[in-house]
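Chemist: what follows is a predicted structure for the sequence shown.
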Amino acid sequence: KMNIARGIFRWIAERVMYRSGAVGPVDEDSMADDVLRLRSALSAGYSALYKALCMAAGVNCFLITGYSNRSTDSRHCWNAVELEDGHFALVDVTWASGYVHQGNFYKRFNGFYFGTNPRHFVF
């Protein structure tokens with residue numbers, strides 16, 4: 001499960017571009033399809049696609065919506081994925097895909113956000 005979950009994480013992070021905006025209601029099924037088609041997303045789209053691909057590969061995954069220590073003014077989405085023996089890991093494909101600086105998105109993969117310690121997410 002670990003290799004599948006990590007492979008999906010990297011595939012999305014390297015192929016989907018971030019677009020800025022506020023996270024609205026999350027319709028996971030249609031959102032995942034849109035992200036695959038458009039190759040751009042907000043955090044909800046990244047997370048919906050990650051969940052959809054994990055579930056299709058037989059890896060249990062949940063989408064989490066809330067506030068993080070990097071998004072205090074708007075909602076953010078990330079995932080919890082089941083790895084081995086019922087243990088879950090936090091995953092943030094959005095943050096792994098790159099970063100925003102002065103309003104511009106810069107694509108740069110960062111594997112730190114797979115299995116990240118919860119203290120790096122908590123607001």
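Modeler: Thanks, I have it. What you see is a predicted model, and the numbers here were worked out from it, not measured in a lab.
Chemist: quick check: buried residues in the helix or strand hosting L36?
Modeler: L36 belongs to helix 28-38 when assigned by DSSP states H and E. Buried residues in helix 28-38, counting neighbours by 16 or more other Cβ atoms under 10 Å, are found at 28, 31-32, 34-36. All C-beta spots, glycine's among them, are computed from the backbone N, C-alpha and C.
Chemist: list just the nearest of these to I4.
Modeler: A32 (16.7 Å; Cβ to Cβ).
Chemist: isn't the closest one right up against Y46?
Modeler: No - assessed by Cβ atoms under 8 Å, A32 is found out of contact with Y46, at 9.7 Å.
Chemist: ok, back up a step: give me the contact list for the helix holding L36.
Modeler: Helix 28-38 is touched from outside by 16, 41, 44-46, 48-49, 51-53, 63, with contacts defined as Cβ atoms under 8 Å, 6 or more residues apart in numbering.
Chemist: now flag whichever of these is closest to I8.
Modeler: For the contacts of helix 28-38, the nearest to I8 is L53 (4.7 Å; Cβ to Cβ).
Chemist: any idea how far the closest one is from F9?
Modeler: Plainly put, L53 is 9 Å away from F9 if you go by Cβ to Cβ, to the nearest Å.
Chemist: just the C-alphas of the least confident helix or strand in the chain by mean pLDDT, formatted as CSV.
Modeler: In the chain, the helix or strand scored least confidently by mean pLDDT, DSSP states H and E is helix 28-38, which has a mean of 78. Extracted C-alpha coordinates of helix 28-38, given in CSV (Å, rounded to 0.1, in the frame of the first residue of the first chain):
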residue,chain,number,x,y,z
GLU,A,28,-15.3,14.8,-4.8
ASP,A,29,-16.4,12.7,-7.8
SER,A,30,-16.9,15.5,-10.3
MET,A,31,-13.9,17.4,-8.9
ALA,A,32,-11.5,14.5,-9.4
ASP,A,33,-12.7,14.2,-13.1
ASP,A,34,-12.2,17.9,-13.7
VAL,A,35,-8.7,17.9,-12.2
LEU,A,36,-7.7,15.0,-14.5
ARG,A,37,-9.1,16.8,-17.5
LEU,A,38,-7.8,20.3,-16.7
